[in-house]
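In: could you work out the structure for the sequence below:
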Amino acid sequence: MIKYFYRNLQSPKVTELDKSKRGVWIHSENPSQREIDTLTSKFKLEIGHIEDALDEDEMPRLEREGKQSYIFVRYPFQTSDGDMDTAPLLVVIDDDNVLTVSQRPLKSVERFTRGKDAVVTTQRTKLLLLILADISQAYDNSIRITSRKIKQIRTRLRNQKLTNQDLIDFVILEDELNEFLASLLPNNATLRRLLAGRHISLFEADQDIVEDLLLINDQSIEAIRANLRSIDNIRNAHTAISSNNLNKTITFLTLATIMVALPNVFFGMYGMNVSLPFQQAHWVFIALIGINLTLISIIMGFAKKKNLI
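Out: A predicted model of the protein is given here:
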């Protein structure tokens, strides 16, 4: 799919065109081989960079080919299962147009071509920075959602109601955070190269925007690391609590075994077919019960003193 969006300073809204012209924002989503050939031939693009943009594992970087700058970044998206992941996005900027290529739907397209957030496509550098800012905001929103999920699980840990599903969710959340971290770090490296001004000329206001994006991304990176530490701490706490509960259970069962075994020793002795002292006395049964209760009380007192129960 290839779409052409256009709006200049005098236009009231963004218009979708049938063909390209100067100042158009060209967006291609999951292009076919025929569409890739069209893009490379019409806009003189490097086919290798277009193919890289469709590689799920492509990492952020900045390239310069002639008068064209190729900016690779990764943006977050929600999968059909409800999990979060990242995908590559290629932004190509030259003297005439801005072109974006992605394999998955890009929410920035819908946001920047509709309503009050509609952009001026003839302002190429500003459009690039708006796309990068929208990606940074998407990361921030995704991290906040993840943080809320972690806090919910932490609350269940405090109430000792943590389930196996919570532990599975932890693995998924940890994987998502590591994916965000692996994408944001090279995204920041790309922004720093962009800030140097060797690939795209930036005005002072544009440089301020890039510096703000770097700051936002740095804050997101710190938030990710804090969440990863929280997950690790909660997991360690759950392991310690489970181990402590297991030790208490084993101790209780051991004491229960002793309490059951003690009476059997005495009653077993007097149940044998041999002569024993006082076996004919009527008070022997009561005495045996008293002895057993005394021994059990001594054992219980010792266990409480040693904090075993």
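In: can you show me the helices along the stretch 101-250 of the chain?
Out: Under the criterion DSSP state H, counting those that start in this stretch, helices of the stretch 101-250 of the chain are mapped to 107-112, 124-158, 164-195, 204-270.
In: please name whichever of the ones you listed is nearest to residue 78.
Out: Between residue 78 and the helices of the stretch 101-250 of the chain, the shortest gap by C-beta to C-beta is with helix 124-158, which sits at 8.3 Å. Any C-beta I mention is one placed from the backbone N, CA and C, and that applies to glycine too.
In: what mean pLDDT does the closest one get?
Out: Helix 124-158 carries an average pLDDT of 89.
In: repeat for stretch 176-185
Out: Averaging pLDDT along stretch 176-185 gives 92.
In: and it, C-alpha only, in PDB?
Out: Output of stretch 176-185 as PDB, limited to C-alpha atoms (Å, rounded to 0.1, in the frame of the first residue of the first chain):
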ATOM      1  CA  GLU A 176       8.500  -6.500  26.600                       C
ATOM      2  CA  LEU A 177      10.700  -4.200  28.700                       C
ATOM      3  CA  ASN A 178      13.900  -5.700  27.400                       C
ATOM      4  CA  GLU A 179      12.500  -5.300  23.800                       C
ATOM      5  CA  PHE A 180      11.800  -1.600  24.600                       C
ATOM      6  CA  LEU A 181      15.200  -1.100  26.100                       C
ATOM      7  CA  ALA A 182      16.900  -2.700  23.100                       C
ATOM      8  CA  SER A 183      15.000  -0.400  20.800                       C
ATOM      9  CA  LEU A 184      15.300   2.900  22.700                       C
ATOM     10  CA  LEU A 185      19.000   2.800  23.200                       C
END
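In: pull out the buried residues from it.
Out: Applying a neighbour-count criterion of 16 or more other C-beta atoms under 10 Å, one finds 176, 177, 179, 180, 181, 183, 184 buried in stretch 176-185.
In: re the thing from before, mind putting the helices of the stretch 101-250 of the chain into TSV with distance to residue 2?
Out: TSV is the format used below for these (distance: least, C-beta to C-beta, whole Å):
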stretch	distance to residue 2
helix 107-112	12
helix 124-158	17
helix 164-195	25
helix 204-270	28
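In: below-threshold pLDDT in this structure: ranges please.
Out: 116-117, 197, 266-267, 269-276, 278-280, 306-309 (pLDDT under 70).
In: tell me the domain ranges of it?
Out: For the chain, automatic domain parsing gives the domain ranges 2-242, 244-305.
In: most tightly packed of the ones you listed?
Out: Most buried of the domains of the chain, by mean neighbour count (mean count of other C-beta atoms under 10 Å): domain 2-242, with a mean of 16.
In: for the buried residues of stretch 176-185, work out which two are farthest apart.
Out: Pairwise distances across the buried residues of stretch 176-185 (C-beta to C-beta) peak at 12.4 Å, for the pair 176 and 184.
In: still on that earlier bit, residue 143: which of the buried residues of stretch 176-185 is nearest?
Out: The closest of the buried residues of stretch 176-185 to residue 143 turns out to be residue 180 (C-beta to C-beta; 6.6 Å).
In: my guess is that closest one meets residue 143, correct?
Out: Yes - between residue 180 and residue 143 there is a contact under C-beta atoms under 8 Å: 6.6 Å.
In: quick check: neighbours shared by the two?
Out: Counting by C-beta atoms under 8 Å, 6 or more residues apart in numbering, the shared contacts of residue 180 and residue 143 are 220, 224.
In: how close does residue 238 sit to residue 173?
Out: Residue 238 sits 14 Å away from residue 173, going by C-beta to C-beta, to the nearest Å.
In: gap between residue 215 and residue 29?
Out: Counting by C-beta to C-beta, the gap from residue 215 to residue 29 is 30 Å.
In: residue 75 in helix, strand or coil?
Out: strand (DSSP: H, G, I helix; E, B strand; the rest coil).
In: now do the same contact list for the closest residue to it other than its chain neighbours.
Out: Nearest in space to residue 75, with sequence neighbours left out and distances taken as C-beta to C-beta, 6 or more residues apart in numbering, is residue 135 at 4.5 Å. Going by C-beta under 8 Å, 6+ apart, residue 135 touches 73, 75, 76, 89, 108, 187.
In: now do residue 58 against residue 180, distance only.
Out: Distance, residue 58 to residue 180, by C-beta to C-beta: 16 Å.
In: meant to ask about residue 38
Out: Distance from residue 38 to residue 180, by C-beta to C-beta: 34 Å.
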